[in-house]
Structure formats: C-alpha cells, structure tokens
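>>> This is a predicted model, with the sequence first.
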Amino acid sequence: MTRVAALDLGSNTVKMTVASRGSAGALDVIYERAEVTRIGEGLDKNGYLLDVAMERTLAELRAMAAAAREHGASVIRAVGTAGLRGASNSAAFLERVRAETGIEVEIIDGMREAELAFRAPSSAFGPGPVVVVDLGGRSTEIIAGVSGRIDQKISMEVGSVRLTERCLPSDPPLDSELEGARAYFRGLLAEAPSWPSGATLVGVSGTILALLGLELGIHQADRLAHEADGRVLHRDAVDRFYDRFRHLPAAERIVGSIIPSGRADVIVAGMLIVAEIMDHYRQPTMRVTGRGVRYGLLFEML
C-alpha cells in the first residue's frame, strides 16, 4: 500500500501527516507530527524571514523528512502559507530546504489554502452545508459549501501571530489594545461568506484545538489529537478562557503541551478571533477537527 506524506508549513506551526489510502477512499493515518517554529516571526515589521526562525524551521523540516521516510512515505508534498507568501527571502530559504531535506515547498495563495482546508472537514461533517474556519498565524480562511463543493470563500491576511504583532504589543495586552484588535478583525468579517441555512460551523487550528483541550481538561497534545475530531467547543468556554488568559503574561499562559511557549504569546489574539467569528455567525458551538490543509493535500495525493 502506497504511503505518502503531506506537510503544511504554516506561519506558526509546521504539521506533517503520513497516510495511505484506506477502504472506501478513507485515509489511513500512519504518523503525525507538529511543532511550533514560527517561520513568520517579525515578518510584518521586517518584510523578511529572520535567521533564527529559518534555523528553527529548517531543523524541524529535517526531522520531519527523516520521519516521513522512516514511516515508508514514497512521496512528500509540502505547501507554505502566509508566513512565506510575503517574505523577500522566502525563495532562498526554500532552496535551502530543498537542498538539505529533499522537500520541495510550494507557496500557495490564500484561495488555494482555503480549498485545501475545506476538503477534509467537508467530507467529515457533510454532506450538508458547512462553514470551515482555518485560523492560522498570519491568515484566516473561512469557507462555506455543501457536499464537498465550495460556494463562498475568503482569505483574510491576519491570524493570531499577525494580530498580536499589529495590535497587542503589551504583555499582558491592555484593554484598549484588545478593543482595537477586536474592532479591526470585526471589520474584516464584513466580507465573510454568508451563513448557509442549517450549516455546521467547523474549526481547524492549533488555537481552536487548544481551546477545546482547555474545555475538556485535556492538556497533552498527543491525547487531544486523538480525541478532538468532531468534539464541540462552546462559545461560553471561549469567553471563560479569554477572560482568564488576557490578564496573564505570556510566560504564565503555558498549559501542558496544548499551549507551548511558541503559542502562549499569541493565544489571546487567537481566542479573540474565534470569539468574533462565532459571534458573527451567531453560533453557540463549533465542531473541532485537526484535519486541515495537509489533509486536503493527502486527499489529492491518494
């Protein structure tokens, strides 16, 4: 049975899944790995990838390439998203990645990212209408569709890292900064897809998984990854944890492995984004999945 690996090089986190084709077209997941490397650190301010961010990410990509091959992957496909789209030195970095790991990374635009993010959730939570939210470090995609067909999509060039860097310079953030961030993101939602009648809201992101882990009391990422798919995140829980974490400095927001140090400094902005999207659609709950962009790639490959 052919095994392949799909890799999502996001602004904050690198994720990889090795899988084969199971019965009835389903994916048989063999191995998964994720690590916060924040390739997009300081990108808004500088316009280029920092040396320290490139070294962190390259080290993880070497480890992922080795792990993929150890688990029998005959092909590795990788995509880079908003953390690479706007960087002046991304081409030089990706040449290093190719030379040192053998991985060719395709930089995709927000619309392509939206299409990949929609594929697995629409399969899992359809065939009725779904609205999928893919909250990244530097962009957020919202995609609406039914029976696997995308009807509306938007890619907003702001995620938890970018919103933190632009609007929340204080640690912990000031009330005025949080209100400014909220107003800014709320304005972007004016262009969001309309709500299809009877739709299910589905969330894909490390932030959303972390919120679910907090609500369920599961603080280990490996366990959460196995238990998260299809579980329900409640809007009142988002408020509860937002109110708690907004008053803490980043160093005190670390929770087990679901909120590591590389996510702790941007988790408040991520929570704010989740709350605004749920309020925009007037949804008291959100279904949660860890099957995002890389699963869309796996469906294409297999």
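Great, that's in hand. If you're wondering where the values come from, they're calculated on a predicted model, not measured in any experiment. Numbers count the residues shown, from 1 in each chain.

>>> Touching, Ala82 and Thr140? I think so.
No. Ala82 lies out of contact with Thr140 (C-beta atoms under 8 Å); the separation is 9.3 Å. Using the backbone N, CA and C atoms, a C-beta is placed for each residue, glycine as well.

>>> Give me the distance from the top helix by length along the chain to the chain's centre.
Secondary structure assigned by DSSP state H gives helix 51-70 as the longest helix of the chain. Computed by C-alpha atoms, centre = their mean, to the nearest Å, the chain-centroid distance of helix 51-70 equals 18 Å.

>>> List of residues touching it?
5, 7, 9, 14, 16, 18, 31, 33, 35, 37-42, 76, 93, 96-97, 100-103 (C-beta atoms under 8 Å, 6 or more residues apart in numbering).

>>> Same check on stretch 183-190?
156, 158, 163, 166-167, 272-273, 276-277, 280.

>>> If we go by neighbour counts, what in that stretch is buried?
Using 16 or more other C-beta atoms under 10 Å as the test for burial, stretch 183-190 gives 185, 188-189.

>>> quick one: the helices in the chain?
Using DSSP H, helices in the chain cover 43-46, 51-70, 82-85, 90-101, 110-125, 160-167, 175-188, 206-216, 221-227, 235-245, 261-264, 267-280, 293-301.

>>> lowest-confidence stretch among those helices?
Across the helices of the chain, the stretch with the lowest average pLDDT is helix 82-85; it has a mean of 85.

>>> residue contacts, the nearest residue to Gly256 once chain neighbours are set aside?
Nearest non-adjacent residue to Gly256, counting by C-beta to C-beta, 6 or more residues apart in numbering: His219, 3.0 Å away. Applying C-beta under 8 Å, 6+ apart to His219 gives the contacts 213, 255-258.

>>> So which of those are in strands?
Among these, none falls in strands (DSSP state E).

>>> Can I get the buried part of those as one ChimeraX selection?
Buried residues within the contacts of His219, by 16+ other C-beta under 10 Å, are selected in ChimeraX with:
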select :213,255,258
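
>>> Could you check how many residues crowd around Ile259?
Around Ile259 there are 26 other residues, counting by other C-beta atoms under 10 Å.

>>> Show the model's pLDDT score for it.
You'll see Ile259 listed with a pLDDT of 97.

>>> which residues does it contact?
By C-beta under 8 Å, 6+ apart, the contact set of Ile259 is 210, 253, 267.

>>> for the residue nearest to Asn89 when sequence neighbours are not counted, what are its contacts?
Excluding its sequence neighbours, the residue lying closest to Asn89 (C-beta to C-beta, 6+ apart) is Tyr48, at 4.7 Å. Contact analysis of Tyr48 by C-beta under 8 Å, 6+ apart lists 87-89.

>>> of those residues, buried ones?
Among the contacts of Tyr48, those classed as buried by neighbour count (16+ other C-beta under 10 Å) are Ala87.

>>> and which of the contacts of Tyr48 is nearest Glu177?
Distance to Glu177 across those (C-beta to C-beta) is lowest for Ala87, with 25.8 Å.
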